[in-house]
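Peer 1: any chance you can model this:
(one chain, ligands or ions: 2)
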Amino acid sequence: MCEPTAEGLKRYPESAGYNVDLASPIPCVCKPACWVRCAGECGCQACSVQFTTFCEASGRLTALVPTSQAEEEALYAYRHPGGTEPPTIIRRRKFDGR
Ligand SMILES: [Zn+2]
Ligand SMILES: [Zn+2]
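Peer 2: Numbers count the residues shown, from 1 in each chain. Ligands and ions are numbered 1, 2, ... in the order given. Model (predicted):
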C-alpha cells in the first residue's frame, strides 16, 4: 500500500490521510484537482470506499452499479449535501403518481 498524499491528509485530517471505515485503513491518494467529495474517480480507494459507505448508509444500494442512473443520483447527493437543486431524475420520481 502507498502513502496518503498531501491532499489525502487534508481530506482525512483525523486519521492522518487514511479512510478508516474498513478494518484495514486505506490511504487517500487524491490530488488537489479531485472533486471536493471525490468518489474514487482518480483511482483513490479510500474515497471509493467512502462513497460506497455513503450509498449504504443512505440506502442507495442500487447506486453501487457503475454508470447506472442510481449511481448518478447518489453521486449528486454525495457532492451536494443539503443542495437545493435536485437532478431531474429525482424530481421526476418525486412527482410520479400525482
Ligand atoms: Zn481520496
Ligand atoms: Zn480523488
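
Peer 1: can we go C-alpha only for contacts and neighbour counts from here?
Peer 2: OK.

Peer 1: how much space between the closest residue to Gln69 other than its chain neighbours and Glu73?
Peer 2: What sits nearest to Gln69 in space, not counting adjacent residues and going by C-alpha to C-alpha, 6 or more residues apart in numbering, is Ala63, at 7.6 Å. For Ala63, the distance to Glu73 equals 8 Å [C-alpha to C-alpha, to the nearest Å].

Peer 1: how many residues are close by the residue nearest to Gln69?
Peer 2: 20 (other C-alpha atoms under 10 Å).

Peer 1: now do the one 3 residues further on
Peer 2: By other C-alpha under 10 Å, 10 other residues sit near Pro66.

Peer 1: likewise Glu56?
Peer 2: 14.

Peer 1: tell me where this protein has helices.
Peer 2: Assigned by DSSP state H, the helices in the chain fall at 6-11, 45-57, 69-79, 88-95.

Peer 1: tell me the average confidence for the first one?
Peer 2: For helix 6-11, mean pLDDT is 96.

Peer 1: the longest one too?
Peer 2: Averaging the model's pLDDT scores along helix 45-57 yields 94.

Peer 1: in it, what's buried?
Peer 2: Neighbour counts over helix 45-57 (16 or more other C-alpha atoms under 10 Å) mark Gln45, Ala46, Cys47, Ser48, Val49, Gln50, Phe51, Thr52, Thr53, Phe54, Cys55 as buried.

Peer 1: let's have those in JSON lines, adding distance to ligand 2.
Peer 2: Formatted as JSON lines, these follow (distance: C-alpha to the ion, whole Å):
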{"residue": "Gln45", "distance to ligand 2": "9"}
{"residue": "Ala46", "distance to ligand 2": "9"}
{"residue": "Cys47", "distance to ligand 2": "6"}
{"residue": "Ser48", "distance to ligand 2": "8"}
{"residue": "Val49", "distance to ligand 2": "11"}
{"residue": "Gln50", "distance to ligand 2": "11"}
{"residue": "Phe51", "distance to ligand 2": "11"}
{"residue": "Thr52", "distance to ligand 2": "14"}
{"residue": "Thr53", "distance to ligand 2": "16"}
{"residue": "Phe54", "distance to ligand 2": "16"}
{"residue": "Cys55", "distance to ligand 2": "17"}
